[in-house]
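In: Mind folding the following:
(chains A and B)
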Amino acid sequence: MKETPLSSCERRFLLRAIEERKRLDGRQSYDYRNLRVSFGADYGCCIVELGKTRVLGQVSCELVSPKLNRATEGILFFNLELSPMASPGFEPGRQSELVVKLNRLLERCLRNSKCIDTESLCVVAGEKVWQIRVDLHLLNHDGNIIDAASIAAIVALCHFRRPDVSVQGEEVTLYTPEERDPVPLSIHHMPICVSFAFFQQGTYLLVDPSEREERVMDGVLVIAMNKHREICTIQSSGGIMLLKDQVLRCSKITGVKVAEITELIQKALENDQKVRKEGGKFGFAESIPNQRITAFKMERAPVDTNDMEEQAEEIITKADPPSDVLAKPILWTPGTAQIGEGIENSWGDLEESERENEDSDDAAITDVQNIETEDDTIVLSDSEEEEVVILEPEERQKKERIQTSATQNSRVKQLKRRKKKRAVQ
Amino acid sequence: LAGITAAIMAAALAEERVGQVVLPGDLLLLPAQPEEDGERLRLGPVAAPRGRLLCGPGLRRGRAGLVVTKCGLLRCRGAPGLAYWVDTQQRRYVPVKGDHVIGIVTSKTGDFFKVDVGGSEQASLSFLAFEGATKRNRPNVQVADLIYGQFVVANKDMEPEMVCIDSSGRANGMGVIGQEGLLFKVSLGLIRKLLAPDCEIIQDLGQLYPFELVFGMNGRIWVKAKTVQQTLIVANILEACEHMTAEQRKQAVAKVLEN
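Out: Numbering: from 1, shown residues only, chains lettered A, B, ... in the order given. Predicted structure coming up:
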């Protein structure tokens, strides 16, 4: 689908607002949008939200043979993808100019700055090294993809744990997380990108441009820096001429922003670590607000299983006494005959037929529940009595054979089991 | 068995679900369909003819009743004629005949403009579909201009067609929107809420200061006030209305009034 074009009236308004030092979302020129970092259930998975821009980062690792010219270094691989889900203007599977540009910038920011110790990723020199792959997916696009992506990449890398490996002679052993705790990557520093948008040939400057601001800007300057104020990458695009002062000012602002962001990231990582250690709930399920809508929800009626045995006993005692054994068909009233009572039966057979009964019963019960929203407990007790009625002939038989309480007990247990089953369902 | 149970799970009488949230795949049962024949047999005034049922957006007719295809609140209209539809909060616009929308001119080709309305396809707009336009006297419309118009053709799988005149050839408020002002997007649900005849939001905002406002059914709103600041305030309040209660909105407006 085509991207929504920018109307001339929007362009005019935005430029006028920027001249008046106003931004659409009420920020000041140097303000960053709200940053949120949340982690997945697994190590190395995170979602970074920068305002409405969202990036999902996922790190994975693999043992591979190293590159020929770098026999003792692990391999780092970055891949940022812009899916149509983020913005209908992005086409799937096509390497647009923007994607190439962003990927290149990410690589320069994270690989070329040597923030990750690649030599520690070596297992057997020249034979086995770790390949660390960082996949970044843009989930929603509201401007400044590169900042969000660089934060997501470094957060995911910091969060990631690779399986432990030991080398004994020629043998390489890979340990599962249960055997040995996975080890974190050794990270020297955390480079973070900060973007500056320039308008009117560099007269006006905005930090963290939103999507619409990006559309009307003349040029952009991206500075990657770590908290030690070391510039890792600097890139200016859009063909604007910048003065030395402007670049220096931008690097100063970057220093401040990077310090803030690094602190936030560290806090988020610590928090996650703490929660994981305590065994509490973590991951997206907890960190992302629950905005769930449920339709046709049926409240599950709690089944009281406390005095099941007594209840079952009671039902059995209250049940009608069994009728007499009838060998021949009997006509009770016109149209109602009885036949087959007292035929030999075994418990094994009964169990099978019961199970079938159970299944069909269950289906019927869910049916009734869902359409008529009847009270669960009532339905249950109904079916229970039914079952007892079905049991009756057998019960009588048992009594005839061996009248011990043992059989009763076993039946009670069976009833109980069945009830539990239902409760689970 | 699980599949069958799930299917049964989602079935409910349409009447009972009115005003509640429905999700795609839910089955709504319509009452008294099989009894129709029985009713017809009964003589006398008791057997009232069943009215035609209208199946609005977000619903599709299935074997047993209506199948929900969008998530939102189920709505119902009793008269004239029974109608069910789903009130969604979606942002993607699908052209509907008769809707007034705000479009952006993307190109001029021959006798037609191509206008982006936020749908899957661009709408076409004839040079002659403006008030007072003739073959000689062409309207002054540039690429990237804003157009407020109405759909005259909006069929599935076909290019929609817009006009900027009503049936009597009058502009009636439609045409090119001025070069000033701010355009922004909100959800379609909010637009419907704002366009309701007795919308309190507009009345509340009207107390602030004079401003111009255009709502497009495609979720676009154009605002223009005296200054950039005032325009931004109106735009932000309207945008925030989506998640604000009436009380919160009144407070926000009061706060602006104070300053």
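In: Near chain B, which residues of the stretch 1-150 of chain A? Just list them.
Out: Taking Cβ under 8 Å from any Cβ of the partner chain as the contact definition, the stretch 1-150 of chain A meets chain B at A:1-2, A:4-13, A:16-17, A:20, A:22, A:24, A:26. To be clear about C-beta, it is placed using only N, CA and C from the backbone, and glycine gets the same treatment.
In: buried stuff in the helix or strand hosting B:Val256?
Out: Using DSSP states H and E, the element containing B:Val256 is helix B:246-258. Judged by neighbour count using 16 or more other Cβ atoms under 10 Å in any protein chain shown, the buried positions of helix B:246-258 are B:249, B:252-253, B:256.
In: Does anything pack onto that helix? Which helices or strands?
Out: Counting contacts by 3 or more Cβ pairs under 8 Å, 6 or more residues apart in numbering or on different chains; DSSP states H and E, helix B:246-258 packs against helix B:200-206, helix B:228-240.
In: most packed of those?
Out: Per residue and on average, the most neighbours among the helices and strands packed on helix B:246-258 fall to helix B:228-240, with a mean of 19 (mean count of other Cβ atoms under 10 Å in any protein chain shown).
In: average pLDDT across it?
Out: Averaged across helix B:228-240, pLDDT comes to 91.
In: can that helix be found next to chain A?
Out: Yes: under the criterion of Cβ under 8 Å from any Cβ, helix B:228-240 makes contact with chain A via B:228-229, B:231-232, B:235-236.
In: wait, which of those is closest to A:Lys52?
Out: B:Asn236 (14.5 Å; Cβ to Cβ).
In: Report the contact partners of the closest one.
Out: Applying Cβ atoms under 8 Å, 6 or more residues apart in numbering or on different chains to B:Asn236 gives the contacts A:Gly26.
In: Which parts of the stretch 101-250 of chain B are strands?
Out: Using DSSP state E, counting those that start in this stretch, the strands of the stretch 101-250 of chain B run over B:112-116, B:123-126, B:146-153, B:161-163, B:175-177, B:182-185, B:212-215, B:220-224.
In: Could I get the ones you listed in a markdown table, plus columns for distance to chain A, mean neighbour count and mean pLDDT?
Out: Below are those laid out as a markdown table (distance: least, Cβ to the nearest Cβ, whole Å; neighbours: other Cβ atoms under 10 Å in any protein chain shown; pLDDT from 0 to 100):
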| stretch | distance to chain A | mean neighbour count | mean pLDDT |
| --- | --- | --- | --- |
| strand B:112-116 | 6 | 21 | 93 |
| strand B:123-126 | 13 | 21 | 94 |
| strand B:146-153 | 5 | 21 | 94 |
| strand B:161-163 | 16 | 22 | 94 |
| strand B:175-177 | 7 | 19 | 92 |
| strand B:182-185 | 5 | 20 | 93 |
| strand B:212-215 | 11 | 18 | 93 |
| strand B:220-224 | 8 | 23 | 94 |
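In: thought B:Val18 was touching B:Arg77?
Out: No: using Cβ atoms under 8 Å, B:Val18 is not in contact with B:Arg77, being 9.8 Å away.
In: hey, what's in contact with both of the two?
Out: B:Tyr84.
In: which ones among the residues of the stretch 1-150 of chain A next to chain B are found in helices?
Out: Residues from these lying in helices, with DSSP state H as the criterion: A:8-13, A:16-17.
In: sorry, back to before: what distance separates the helix holding B:Val256 from the centre of its chain?
Out: Chain-centre distance of helix B:246-258: 27 Å, with Cα atoms, centre = their mean, to the nearest Å.
In: quick check: longest helix of chain A.
Out: helix A:244-278.
In: Tell me the residues of chain B that contact chain A?
Out: Residues of chain B found near chain A, taking Cβ under 8 Å from any Cβ as the criterion, are B:1, B:4-5, B:8-12, B:17, B:20-23, B:26, B:71, B:104, B:106, B:116, B:118, B:120, B:122, B:142, B:144-146, B:177-184, B:222, B:228-229, B:231-232, B:235-236.
In: what's near enough to touch A:Glu107?
Out: A:Glu107 is in contact with A:Phe78, counting by Cβ under 8 Å, 6+ apart.
In: circling back to that earlier point, dump the helices and strands packed on helix B:246-258 into TSV; add distance to A:Ser60 as well.
Out: As requested, these are exported to TSV (distance: least, Cβ to Cβ, whole Å):
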stretch	distance to A:Ser60
helix B:200-206	48
helix B:228-240	39
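In: which stretches of chain B have low pLDDT?
Out: Residues of chain B that meet the criterion pLDDT under 70 lie in B:1-11, B:31-51, B:80.
In: What segments of the stretch 1-150 of chain A are strands?
Out: A:35-39, A:45-50, A:53-64, A:75-82, A:122-124, A:128-140.
In: how about the helices and strands packed on helix B:246-258, which one is nearest A:Asp42?
Out: Among the helices and strands packed on helix B:246-258, helix B:228-240 comes nearest to A:Asp42, with 36.1 Å by Cβ to Cβ.
In: and the angle for the closest one with helix B:246-258?
Out: 170 degrees (axes from the mean of the first three to the mean of the last three Cα atoms, to 10 degrees).
In: Pull out the buried members of the residues of the stretch 1-150 of chain A next to chain B.
Out: Neighbour counting by 16+ other Cβ under 10 Å classes A:4-5, A:7-10, A:13, A:17, A:22, A:24 among the residues of the stretch 1-150 of chain A next to chain B as buried.
In: And the residues you listed, which is closest to A:Leu56?
Out: A:Thr4 (24.0 Å).
In: got the contact list for the closest one?
Out: Shown in contact with A:Thr4 (Cβ under 8 Å, 6+ apart): A:88-89, B:104, B:116, B:118.
In: hang on, the earlier thing: the longest helix of chain A packs against which elements?
Out: Against helix A:244-278 (3+ Cβ pairs under 8 Å, 6+ apart) you get strand A:35-39, helix A:145-159, strand A:192-199, strand A:204-207, strand A:219-225, strand A:231-237.
In: what does the average pLDDT come to for the shortest one?
Out: Here strand A:204-207 scores 92 as its mean pLDDT.
In: List the contacts of that strand.
Out: The contact list for strand A:204-207 (Cβ under 8 Å, 6+ apart) reads A:18-19, A:23, A:29-32, A:194-199, A:213, A:217, A:246, A:249-250, A:253, A:257.
In: Just the buried ones from those residues?
Out: Using 16+ other Cβ under 10 Å, the buried ones in these are A:18, A:23, A:32, A:194-199, A:213, A:217, A:246, A:250, A:253, A:257.
In: Could you list the low-confidence segments of the stretch 301-425 of chain A?
Out: For the stretch 301-425 of chain A, the stretches flagged by pLDDT under 70 are A:301-302, A:321-330, A:337-425.
In: about what we covered before: centre of the chain versus the longest helix of chain A, how much separation?
Out: Helix A:244-278 sits 25 Å away from the centroid of its parent chain (Cα atoms, centre = their mean).
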